[in-house]
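J.: Fold the stuff below for me.
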Amino acid sequence: MKFIHIANNPVPSNTLTYNGEWVPHNYIHSIDANSGFKTCSFDLYGTQQELEEMLFQGLGRRITRYSTDGIFQVWDGQIVEMSLSLPGLVTNTSLLDMYNNVYVTYTQLNTAVNPPTETSGVITTVAHDVPSHEKYGIKTLFYQPQVEKMVLGMADQLRDVLLEQYREPRRRGEVVTGGGVARLHVVARGFYDTLSWQLYNQAAVSGTQNASDQIAAILLASAQFVLSSKITANTTQVNRYTNDFLPASSVIDQITSVGDSSNNRWVSYIIGDRRFYYEPAQSTVTYFRRVSDARLQIYDLMGRELPFWEVRPNRWLRTTDIQGFAAIPTNIVDDRSAMYIERVDWNEDQNSITLTGSTKDKIQTYVARLSNAGEVLL
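T.: From the prediction side, this is the model:
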């Protein structure tokens, strides 16, 4: 039997304790080299009462999947969207439109003179909702209205209205014809996504510092869901001053994209146990396959057949029975028999996997049905 573990949100202080195992149907997950666990989705079946409890209490709950031995973490993240289908009714709820910290940036008008004078780039103080923080964690909206010129007080009122409207997850429903069994469709995102929930701003100190030190500073200030980190030293100099109220993930992604002084690519990701990694991208082949293998199986360095759920991005995959007439280049980037895996998509019910290679070469490899069908997940 295949199970997925669902537990309460690991960070906020005022969440209902929950600990349960469910059988997922139509399970699909994606993992990216640049962020780690990306998304997963699946359907749950149960009684109407069980599914309604999950719908109304389950946003933010942690989704974890392990291998049979309980050691290998297949996927990890939190529920961000759900859709409950009952006979004649569909109800949706989402964290994607929830914000419990709100700023508004605007151009302030002084109407004491005619024509009014303008002060651009004014930012309100933050309005926040503590009960929402305690249920979901801090999620920030930095809002710039389309008509941004306002007198003093208008922006504060707009900010407060936005907070009132969005401090709790949005729900919507549809009355539909037709019947069917009760089904809950669940969408989850990896914890790297929570780095976009808080803004990173640092205007107290200028100058530069090591890229790795700047990454650590951002995590310290804005990474509420990160439990631990492994940050490899990178002496590339980056600016410390950041005054654009950007999501922390955007600043981290920018620093990561700079790489290092030897023009090597670096990656930042969260791929298990809420641990953040910042390190050079992998530069050696660790996976192998053969065109002549009718099963199109993937093997590791020891020749072990990998179950599809164990395949990871940020790895190099070599197809061993092509380009046989050519010597293997010293630089792996020039090796036409190898590709860097940017993304892994696994469909459990179809027992299939799609590996997407680096964007520069547009290589895609579709791996067919897993022969070792006896692999089981907990």
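J.: roughly how far apart are the closest residue to Lys139 other than its chain neighbours and Ile271?
T.: Nearest residue to Lys139, sequence neighbours excluded (C-beta to C-beta, 6 or more residues apart in numbering): Trp197, at 4.4 Å. Quick note: C-beta positions are derived from backbone N, CA and C, even for glycine. In this view, Trp197 and Ile271 are 19 Å apart by C-beta to C-beta, to the nearest Å.
J.: Could you give me the buried positions within stretch 257-274?
T.: Of all the residues in stretch 257-274, those buried under the rule 16 or more other C-beta atoms under 10 Å are Gly259, Asp260, Arg265, Trp266, Val267, Ser268, Tyr269, Ile270, Ile271, Gly272, Arg274.
J.: cool, and stretch 298-316?
T.: 298-299, 306-316.
J.: what's the first-to-last distance across that stretch?
T.: One end of stretch 298-316 to the other measures 12 Å (C-alpha to C-alpha, to the nearest Å).
J.: I'd like the distance from it to the chain centre, please.
T.: 22 Å (C-alpha atoms, centre = their mean, to the nearest Å).
J.: Ok, stretch 229-249 next?
T.: Here stretch 229-249 is found 19 Å from its chain centre; the criterion is C-alpha atoms, centre = their mean.
J.: Just the C-alphas of it, formatted as PDB.
T.: Taking Å, rounded to 0.1, in the frame of the first residue of the first chain, the C-alpha atoms of stretch 229-249 are listed here in PDB:
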ATOM      1  CA  SER A 229      21.100  25.300   6.000                       C
ATOM      2  CA  LYS A 230      24.300  24.200   4.200                       C
ATOM      3  CA  ILE A 231      26.000  27.200   2.600                       C
ATOM      4  CA  THR A 232      29.100  26.600   0.600                       C
ATOM      5  CA  ALA A 233      31.600  29.500   0.700                       C
ATOM      6  CA  ASN A 234      31.600  31.700  -2.300                       C
ATOM      7  CA  THR A 235      33.900  34.800  -2.300                       C
ATOM      8  CA  THR A 236      32.200  36.500  -5.200                       C
ATOM      9  CA  GLN A 237      31.400  40.000  -4.000                       C
ATOM     10  CA  VAL A 238      27.800  41.100  -4.000                       C
ATOM     11  CA  ASN A 239      26.100  44.300  -2.700                       C
ATOM     12  CA  ARG A 240      24.800  44.300   0.800                       C
ATOM     13  CA  TYR A 241      22.400  47.300   0.300                       C
ATOM     14  CA  THR A 242      19.000  46.200  -0.800                       C
ATOM     15  CA  ASN A 243      16.100  48.700  -0.600                       C
ATOM     16  CA  ASP A 244      13.600  47.500  -3.200                       C
ATOM     17  CA  PHE A 245      11.300  45.500  -0.900                       C
ATOM     18  CA  LEU A 246      11.700  42.300  -3.000                       C
ATOM     19  CA  PRO A 247      10.800  38.800  -2.000                       C
ATOM     20  CA  ALA A 248      13.700  37.100  -0.300                       C
ATOM     21  CA  SER A 249      13.600  34.400  -2.900                       C
END
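J.: What mean pLDDT does that stretch get?
T.: For stretch 229-249, mean pLDDT is 95.
J.: Go through that stretch and flag the buried ones.
T.: Ser229, Ile231, Asn234, Thr236, Val238, Arg240, Thr242, Leu246, Pro247, Ala248, Ser249.
J.: Tell me which residues touch the nearest residue to Ser120 once chain neighbours are set aside, please.
T.: Of all residues not flanking Ser120 in the chain, Thr107 sits nearest, at 4.6 Å (C-beta to C-beta, 6+ apart). For Thr107, the contact set (C-beta atoms under 8 Å, 6 or more residues apart in numbering) comprises Glu118, Thr119, Ser120, Gly121, Val122, Glu148, Lys149, Met150.
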